[in-house]
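Asks: Next comes the sequence, and after it the predicted model I'd like to discuss.
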Amino acid sequence: MDPNPKPKKLLLQQQQQTLNLDDRISDLPDEILCHILSFLPTKYAAGTSTLSTRWKHIFAFIPKLSLDFDDSLLLNPDKDKDNNLTSLAIFALFVYSVMNVVYTNDLRIYSFSLKCQRDYDCIPHDGDSLVAMWVHLALSRKVRDLTVQVDNYNKDNDKDSILFPDQFFYCSSVMRVTISGCFFLDVPTVVFMPNLRSIFLDRVKFPNGEAVQSFIRGCLFLERVGLESCEFEELEVLEISSTKLKHLMVIDCKWDGEYEFALDVPNLEVLHYQADSIAYDYPVKNLSSVREAYLDIGISWDQLEDDASHYADTAVEFFAACSNVETLYLSQNSMPAIHWSSESIKPTFCNLTTLKLGINESGWSFLASLLESSPNLEVLGFTGGFTDCEVFPEFVSCVTKHEPQCLSSHLRKVMIQDFTGDEYELNVVEFFLKNAKVLREVEIDSNICLADDKKLSLISKCSPICEIVFTYTVEGKFDL
């Protein structure tokens, strides 16, 4: 036995020196290290800077640098549910440290994503909102893709929104933008964003409707616009005019009083419009290029009491302006507006091949007119099931007297959602099985088993090749 045993720690150090264990990863070229770090989230990529001086700023030189800040990943979701100043300061310091490295080294950011579930303006600081400051720094680094999402703002301060940086409206590098949360966009008269291609705004506030058009006017190559749950302090006219726009979505935007929704989009291909009330007028100059339209326009109780026929006629005129569509979705909420209209469906939907609609008692007469106006219809989908009504026989009578061309030569598939097997639903299935001459498939979606239903199997079919297909889902949703 050794009379002078060495401490265990000393033995380990001697063994490591003997084996000459090198840090082989750190010896790799910067290009390879950057490539490895490019696959890591910002939290972990930036964390490597603490390993040694060799790694201190490697992450910042990643080609196409993508920064993704998400406080739900950095903070403990169980312990930090409230705006604890210590937790908030940790995240704020992390964002500042990373951005400081980028700014100091004059680096360009390819993609910047900031997702905050807490209110960082609770932290004592000078100047504007911390979130606005971080966005400003990203814009100054010629960012290409920008995503900013803020929830739970105004929990501990008296402000109702964050003023988005003015620099945003003159950023020539940004191409794709998503802004979600309580931001206020004070759009200047002149906007210059020549490379912006796509923007989606959720719960964003505008001073007025003119601000939207001022913004679009300054984006010369903007192709996709999405407005969801946006608010307007004042709104008389919401105008969207662009020769480049191809995809437009306006969903559940909030405004008080009457307004006009004006569209001049000669190259628009996809239109998604959803509103709880009908605009007083829809000055539409050109929707002839629209190929897909998703319309969910409800008539409010105030409009029913005020002048139901005017608002309903306005809705039908807007719908008729989309007569060149190939795919059309109409919600069940839209049927009352169409029902109250004194206008009949005048245009012919020659290009319409797919029609999906939510039907109710007020929609059957409209469907009869629409089938007659859609000679090339191939797919007909009923979303949300049916409501028990007494007017379906009138639909049958109308269609039987004036048989639509689509029933005799083009309709190949009928889809029925939320089927329960009630008698009136069976009558609908029976009608199409007996009258659609080239029908190939009836797809019935239900949350109950109907495969052995004798009533369905006994219905005679006009088309010998038609099959009844059952799908079973909890919610019963078709892909619209």
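Replies: Looks like it arrived, so ask away.
Asks: CA only for contacts and neighbour counts going forward, please
Replies: Noted.
Asks: Could you export stretch 369-389 as CSV, CA atoms only?
Replies: Extracted in CSV, the C-alpha atoms of stretch 369-389 (Å, rounded to 0.1, in the frame of the first residue of the first chain):
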residue,chain,number,x,y,z
SER,A,369,-81.3,29.0,-57.6
LEU,A,370,-77.6,28.5,-57.1
LEU,A,371,-77.6,25.0,-58.6
GLU,A,372,-79.4,26.3,-61.7
SER,A,373,-76.8,29.0,-62.0
SER,A,374,-73.8,26.5,-61.7
PRO,A,375,-73.9,24.2,-64.7
ASN,A,376,-70.5,22.7,-64.1
LEU,A,377,-70.7,22.0,-60.4
GLU,A,378,-68.9,18.7,-59.5
VAL,A,379,-68.7,18.7,-55.6
LEU,A,380,-71.5,19.8,-53.3
GLY,A,381,-70.8,19.8,-49.5
PHE,A,382,-73.2,20.5,-46.7
THR,A,383,-71.2,21.7,-43.6
GLY,A,384,-72.6,21.6,-40.1
GLY,A,385,-75.5,19.3,-40.9
PHE,A,386,-79.1,20.3,-41.5
THR,A,387,-81.8,21.9,-39.5
ASP,A,388,-85.2,20.3,-39.4
CYS,A,389,-87.3,22.4,-41.8
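Asks: How far away from the center of its chain is it?
Replies: Chain-centre distance of stretch 369-389: 26 Å, with C-alpha atoms, centre = their mean, to the nearest Å.
Asks: contacts for that stretch?
Replies: For stretch 369-389, contacts defined as C-alpha atoms under 8 Å, 6 or more residues apart in numbering pick out 344-345, 347-361, 402-406, 410-419, 424-425, 477-478.
Asks: go again using 7 Å as the cut-off
Replies: 345, 348-361, 404-406, 410-419, 424 (C-alpha atoms under 7 Å, 6 or more residues apart in numbering).
Asks: So residue 177: helix, strand or coil?
Replies: strand (DSSP: H, G, I helix; E, B strand; the rest coil).
Asks: Please disregard the earlier target; I meant residue 115.
Replies: Residue 115 ends up strand, using three-state DSSP.
Asks: Tell me what it is bridged to.
Replies: residue 70, residue 149 (DSSP bridges).
Asks: so where's the stretch 301-450 of the chain shaky on pLDDT?
Replies: Along the stretch 301-450 of the chain, the parts satisfying pLDDT under 70 run over 342-346, 387-389, 448-450.
Asks: what are the ranges of the strands in it?
Replies: Applying DSSP state E, counting those that start in this stretch to the stretch 301-450 of the chain gives strands spanning 327-330, 354-357, 379-382, 413-416, 441-446.
Asks: Mind putting these into a markdown table with mean neighbour count?
Replies: Shown next, in a markdown table, are the strands of the stretch 301-450 of the chain (neighbours: other C-alpha atoms under 10 Å):
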| stretch | mean neighbour count |
| --- | --- |
| strand 327-330 | 21 |
| strand 354-357 | 22 |
| strand 379-382 | 22 |
| strand 413-416 | 22 |
| strand 441-446 | 22 |
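Asks: Just put those strands in CSV and tack on distance to residue 242.
Replies: Output for these, formatted as CSV (distance: least, C-alpha to C-alpha, whole Å):
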stretch, distance to residue 242
strand 327-330, 22
strand 354-357, 27
strand 379-382, 32
strand 413-416, 36
strand 441-446, 40
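Asks: which residues does the residue nearest to residue 191 when sequence neighbours are not counted contact?
Replies: By the measure of C-alpha to C-alpha, 6 or more residues apart in numbering, the closest residue to residue 191 outside its immediate chain neighbours is residue 218, 4.5 Å from it. For residue 218, the contacting residues are 190-193, by C-alpha under 7 Å, 6+ apart.
Asks: of those, buried ones?
Replies: 191-193 (16 or more other C-alpha atoms under 10 Å).
Asks: circling back to that earlier point, which pLDDT value goes with the residue nearest to residue 191?
Replies: Among the per-residue scores, residue 218 shows a pLDDT of 95.
Asks: what does residue 61 give?
Replies: pLDDT at residue 61 comes out at 60.
Asks: cool, residue 147 as well?
Replies: 96.
Asks: My read is that it contacts residue 177, right?
Replies: Yes: with contact defined as C-alpha atoms under 7 Å, residue 147 reaches residue 177; the gap is 5.8 Å.
Asks: Buried only: go through the contacts of stretch 369-389 for me.
Replies: Buried, going by 16+ other C-alpha under 10 Å: 345, 348-349, 351-361, 404-406, 410-419, 424, out of the contacts of stretch 369-389.
Asks: Next step: the contacts of stretch 369-389 restricted to helices.
Replies: Here DSSP state H is the test, and the contacts of stretch 369-389 give 405-406, 424 as lying in helices.
Asks: Just put the residues you listed in JSON lines and tack on distance to residue 334.
Replies: Shown next, in JSON lines, are these (distance: C-alpha to C-alpha, whole Å):
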{"residue": "405", "distance to residue 334": "25"}
{"residue": "406", "distance to residue 334": "23"}
{"residue": "424", "distance to residue 334": "22"}
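Asks: Looking at these, which is nearest residue 234?
Replies: residue 406 (45.8 Å; C-alpha to C-alpha).
Asks: State the distance from that closest one to residue 371.
Replies: Using C-alpha to C-alpha, to the nearest Å, residue 406 is found at 7 Å from residue 371.
Asks: OK, contacts around the residue lying closest to residue 322 once chain neighbours are set aside?
Replies: Nearest non-adjacent residue to residue 322, counting by C-alpha to C-alpha, 6+ apart: residue 287, 5.9 Å away. Applying C-alpha under 7 Å, 6+ apart to residue 287 gives the contacts 265-266, 268, 321-322.
Asks: Let me have those in TSV, extended by distance to residue 338 and neighbour count.
Replies: What follows is the contacts of residue 287, written out as TSV (distance: C-alpha to C-alpha, whole Å; neighbours: other C-alpha atoms under 10 Å):
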residue	distance to residue 338	neighbour count
265	24	23
266	25	18
268	24	23
321	14	17
322	15	22
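Asks: And stretch 403-413, how far out from the chain middle?
Replies: 33 Å.
Asks: let me fix that: stretch 423-436
Replies: With C-alpha atoms, centre = their mean, you get 35 Å for stretch 423-436.
Asks: now the helices for the stretch 251-400 of the chain?
Replies: Using DSSP state H, counting those that start in this stretch, the helices of the stretch 251-400 of the chain run over residues 301-320, 335-339, 364-372, 392-401.
Asks: Of those helices, which stretch is the most buried?
Replies: helix 335-339 (a mean of 24; mean count of other C-alpha atoms under 10 Å).
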